[in-house]
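Peer 1: model this:
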Amino acid sequence: MSEKTRSGKSTKGKSTRTRSTASAEDKRRYYERMVLIRAFEMRAQEMYTRAKIGGYCHLNLGEEAVVVGLMAALEDRDYLFANYRVHGYALMRGLDPGAVMAELFGRKDGVSGGWGGSMHLFDSDARLMGGYGIVGGQMPPATGAALALSYRQKPGKEAEAVMCLLGDGTAAIGSFHESLNIAGLWDLPIVYVIINNRIGMGTDVEHSSAEPELYRKAEAYRLPSRRVDGSDPVVVRDAALEALRSAREESRPYVLETMTYRLKGHSVVDPAQYRTDEDKEEVRANDPVPAYRDKLVKGRVLTKKRAQEIDDEAEKRIDEAVEFADDSESPEPERLFDNAYSTEVNNAPAGFPGDSVVSI
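Peer 2: Numbering: from 1, shown residues only. Below you'll find the model as predicted:
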């Protein structure tokens, strides 16, 4: 039975599914983007083992189709809030691979001047409002941004919207429920996307959530929701377009769940020893990059020769990105406390290890 919202709108079954109009050129372009993300992430993993990247580093390996599909649906005018698995999204929002790699290296030419690192990529011009290191930390500010939009615009096709990315583990914490509740009460133009890679850190969804079909949690707040296959960027794009239409034209928040696989551990340093041999085999068999390539080749959308050329071009671009990052300078140590506050603050920290302590 279809429930009704307080305004009388149905939460399920009302929206007409967007019919795919992806051209052959669209599909080839999506494959190019997936390959670029794959090449970047593989090189980031290598650079981490070479100690050129420090701190935490979480990769989009296995989620490339989801990244490309979501960003193909998002307009330049829209705002994107991400979690800490953010590299691929930054690339797809138009950020230069060299500047992204330099940020991972902690260099001055990075997208955030070396201040953010892997988890905190940010670019206001691209309306990439940051990756957030705290699980669920992105949801309250993303919901607040949608509230701001609701004050300054009317619903319609040209309205701005917010997309908030989250992992499956985030669907079990308080800010998830608080954000959905507020968005549903106030009819905010926001799409929450659950990237379900089946394992939140080291525990699979079936053992961490009483409702493992995570999109169904939206029903508690009478929000429209849907789960889709995350292995095909066109499928993801069409679902995201439907969700964004709901947010823009009806001011109805939407929860979209994309089912994908995490090829590696939770982060670069996670050996994923908790995964069974059967699980590892399933992951390898569902790697979206070769699967999508094979699909396009079989459909005569792409030739094997052109696919190899695309792969080689991506590797070359990432070679250049690493070279750019290597050549970029490191921030000066005396700038360590810059940007800690937006304005000057009395008695702000300015000391370094080894400095003499002045008695007052």
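Peer 1: Now find how far off-centre stretch 279-295 is within its chain.
Peer 2: 20 Å (CA atoms, centre = their mean, to the nearest Å).
Peer 1: Export that stretch to CSV, keeping only CA atoms.
Peer 2: Extracted in CSV, the C-alpha atoms of stretch 279-295 (Å, rounded to 0.1, in the frame of the first residue of the first chain):
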residue,chain,number,x,y,z
ASP,A,279,33.3,-12.8,-1.0
LYS,A,280,36.6,-11.9,-2.7
GLU,A,281,35.7,-13.9,-5.7
GLU,A,282,32.3,-12.2,-6.0
VAL,A,283,34.0,-8.8,-5.8
ARG,A,284,36.4,-9.6,-8.6
ALA,A,285,33.6,-11.0,-10.7
ASN,A,286,31.7,-7.8,-10.3
ASP,A,287,34.5,-5.3,-11.0
PRO,A,288,32.5,-2.5,-12.8
VAL,A,289,35.3,-1.3,-15.0
PRO,A,290,36.1,-4.4,-17.0
ALA,A,291,32.4,-5.4,-16.9
TYR,A,292,31.3,-2.1,-18.5
ARG,A,293,34.1,-2.3,-21.0
ASP,A,294,33.0,-5.8,-22.0
LYS,A,295,29.4,-4.7,-22.2
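Peer 1: Please spell out which residues along that stretch are buried.
Peer 2: Residues of stretch 279-295 classed as buried by neighbour count (16 or more other CB atoms under 10 Å): 283, 286-289, 292-293, 295. Just so you know, the C-beta spots here come from the backbone N, C-alpha and C atoms, and that holds for glycine as well.
Peer 1: How about residue 159: what's its closest non-neighbour residue?
Peer 2: Counting by CB to CB, 6 or more residues apart in numbering, residue 159 lies nearest to residue 248, which is 4.4 Å off, once chain neighbours are set aside.
Peer 1: Where does the one you found sit: helix, strand or coil?
Peer 2: helix (DSSP: H, G, I helix; E, B strand; the rest coil).
Peer 1: Please name the residues that touch it.
Peer 2: 155-161, 189 (CB atoms under 8 Å, 6 or more residues apart in numbering).
Peer 1: just to revisit the earlier point, can you list the buried residues of stretch 279-295 in CSV and add secondary structure, distance to residue 98 and pLDDT?
Peer 2: Output for the buried residues of stretch 279-295, formatted as CSV (DSSP: H, G, I helix; E, B strand; the rest coil; distance: CB to CB, whole Å; pLDDT from 0 to 100):
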residue, secondary structure, distance to residue 98, pLDDT
283, helix, 30, 91
286, coil, 31, 92
287, coil, 26, 96
288, helix, 25, 97
289, helix, 22, 98
292, helix, 26, 97
293, helix, 26, 97
295, helix, 31, 97
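Peer 1: Those: which two are farthest apart?
Peer 2: Using CB to CB, the buried residues of stretch 279-295 span at most 18.1 Å, a distance reached by 283 and 295.
Peer 1: just the strands in the stretch 101-250 of the chain please.
Peer 2: 128-131, 162-167, 190-196, 199-200, 203-204, 225-229 (DSSP state E, counting those that start in this stretch).
Peer 1: I'd like those as JSON lines, with distance to residue 304 and mean neighbour count appended.
Peer 2: Listed next are these as JSON lines, based on distance: least, CB to CB, whole Å; neighbours: other CB atoms under 10 Å:
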{"stretch": "strand 128-131", "distance to residue 304": "35", "mean neighbour count": "22"}
{"stretch": "strand 162-167", "distance to residue 304": "33", "mean neighbour count": "27"}
{"stretch": "strand 190-196", "distance to residue 304": "30", "mean neighbour count": "27"}
{"stretch": "strand 199-200", "distance to residue 304": "33", "mean neighbour count": "22"}
{"stretch": "strand 203-204", "distance to residue 304": "36", "mean neighbour count": "14"}
{"stretch": "strand 225-229", "distance to residue 304": "25", "mean neighbour count": "18"}
